[in-house]
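>>> pasting the sequence and the predicted coordinates here, then a few questions.
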Amino acid sequence: MVIEGGQTTLYFGPWYRKSPFFDAAQRAGCYGYDVYNKMYIPSNFADPVEEYWHLVNHVTIWDVGCERQVEIRGPDGYEFMEYLTPRDLSTCKVGQAKYVVLTDEQGGLVNDPVLTRLAKNRFWLSTADSDVLLWAKGVSYHSDFDVELSEPDVSPMQIQGPKSKQVLRSLVGPRVLDLEYYHFLEAKIDGIPVLVTRTGWSAEVGYEIYLRDGSRGTDLWDRVMDAGRPFNLRPTGPSEYRRIEAGILNYPSDINLEYNPYEAGLGWLVDLEKKHDFIGRTSLKKIKKEGPKRKLVGVAVPGDEVVRPWLPHPWPVRKDGKEIGILTALAMSPRLKKNIGYAWVLTPVSKLGTEMEIVTPAGSRRAIVVKRPFIDPKKEVPKS
C-alpha cells in the first residue's frame, strides 16, 4: 500500500490494528505500508536503496509493533515452551533470548519467533506472520500443562545500524554497552517502561525496544528520535535488501507451514535427542533419516536489476525446460552489485554452482545456486 503524490487515498480500516507508534511514524513521513500479523507496518519513508545505505552507515528506527508477543507463563511455562519448539532450551537462561522455530505434528514450520525468557516459567514469543496465540491455545487445551497464554501490552521498535549503541546509551545509560548479543535488560526511558534486547532483523548492530505501555507509543518514539538526532537517526522500514544479504528468512513468503526446518536450512534449531518431548519429533526424525526432497537455496542472477525491491509473487524456477521450484525473494544488492535471492528447488538440483532459469514477467533469466548468507556468514557485525 503506497501513497504517492497525494493521488492515492489509503483508508486505514478498523479490521487491521495499528501499533502504538503508528501516528508518530505517519507524522514522520511514511508513505508505504504493509499488513503483517493483521496490523499495519510502516514500510517506506524514502527510496529503498537510500534507506539501505542509511541503515548500513548510520542508524534507523522501525515501527515493528506488528511483531506481536505471545506470553507463556504459569507453573508449567518452561515445560510447555520446550514442547512447542524442537530447539533445546535447557541452556537458555533468564535474561536471554533465542531464535527458535515452532513445528506442527508433521514437522511443518508454524512460526520462527524470537523467544525471550523473562523468568523461570515466563516467556515472550516475538512472532512472525502467523497466529501463534491461537496455535498455542489449541495445544494447551489438548494437554495437561498448567499455563496461561495471552497477548501482553507489548510493542517493539527496532533501532538498527552501527550507531545504535550510541543512541541506546543516551536512552538507558552505559550498561547497555555490556549487553550481549541475544540478551536483554529492563529499563525506563523518562518513566516509560521498556525491555531492551540486543536483537534485530537487519544483521547490523542493533536493538529492539519493547514498549510495555501501549498508551506511551508517541512519547517513546519522540524520546528516541531526540536521543538519535546527534547520530543521524531516521525512520525507515525493514530493509529487504539487507535481510536477503544476511540470509534472514521472511515468514510466510520464504518459509511457512508447507516446509520443515531441514528443508529450510534451519536444522540446527532441531535437537531430536533433547530431554523434553516436542510437537513433530517423530515426523522430523523421519525427515532427517530420509533426507529432504527439496531445499531452500541462495541464488545469484547475473545481469542488470530484475525487480525492485520485492517480488509481487513467487516466480517459477525451471531447469532443462521442467519446473523445479519457485523463487521467493530477489533484490539487487546495493553492496554486492548483483541480484541475489532465495529459491525452493528439488534437492538433486540444489548443489552449489547449479544453473537454472527463473521465469520473470519480462522473460527468463539465468540463475546460479550460491552460498547463503551472502554477506557476513558468521554474524560478526551484529555481534560486535
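Looks like it came in fine. All of these numbers come straight from a predicted model, not from anything done at the bench.
>>> only C-alpha atoms from now on, for both contacts and neighbour counts.
Will do.
>>> relative to the whole chain's centre, how far out is the host helix or strand of residue 82?
Assigned by DSSP states H and E, residue 82 belongs to helix 77-84. Distance of helix 77-84 from the chain centroid (CA atoms, centre = their mean, to the nearest Å) equals 22 Å.
>>> which helices and strands does it pack with?
strand 122-126 (3 or more CA pairs under 8 Å, 6 or more residues apart in numbering; DSSP states H and E).
>>> which strands border the strand it packs on, and is each parallel or antiparallel?
strand 69-73 (antiparallel), strand 114-119 (antiparallel) (DSSP bridges).
>>> buried set for the last one?
The one in question is strand 114-119. 114, 115, 116, 117, 118 (16 or more other CA atoms under 10 Å).
>>> just want the angle from that strand to helix 77-84.
Using axes from the mean of the first three to the mean of the last three CA atoms, to 10 degrees, the direction of strand 114-119 lies 160 degrees away from that of helix 77-84.
>>> output strand 114-119 as CSV - backbone C-alpha positions only.
C-alpha atoms of strand 114-119 as CSV (Å, rounded to 0.1, in the frame of the first residue of the first chain):
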residue,chain,number,x,y,z
VAL,A,114,12.5,-14.8,18.8
LEU,A,115,12.0,-16.2,22.3
THR,A,116,12.7,-14.1,25.4
ARG,A,117,12.9,-15.7,28.8
LEU,A,118,11.8,-13.2,31.4
ALA,A,119,11.6,-15.6,34.3
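>>> going along the chain, name the helices of the stretch 51-200 of the chain.
77-84, 132-141, 164-172 (DSSP state H, counting those that start in this stretch).
>>> and those, which is most packed in?
helix 77-84 (a mean of 22; mean count of other CA atoms under 10 Å).
>>> so what's the gap between the lengthiest strand in the chain and the chain middle?
Using DSSP state E, we find that the single longest strand of the chain is strand 322-333. Centroid displacement of strand 322-333 relative to its chain, using CA atoms, centre = their mean, is 19 Å.
>>> ok, now stretch 97-112?
Between the centre of stretch 97-112 and the centre of its host chain there is 13 Å, according to CA atoms, centre = their mean.
>>> how about stretch 278-287?
Using CA atoms, centre = their mean, the offset of stretch 278-287 from its chain centre is 24 Å.
>>> do the same with stretch 265-276
Using CA atoms, centre = their mean, the offset of stretch 265-276 from its chain centre is 20 Å.
>>> next secondary structure after the lowest-mean-pLDDT helix or strand in the chain?
Every helix and strand of the chain was ranked by mean pLDDT, DSSP states H and E. The lowest is strand 32-36, at a mean of 92. Per DSSP H and E, the first helix or strand lying C-terminal to strand 32-36 is strand 39-44.
>>> give me the buried stretch members for stretch 364-375, please.
366, 367, 368, 369, 370, 371, 372, 373, 374, 375.
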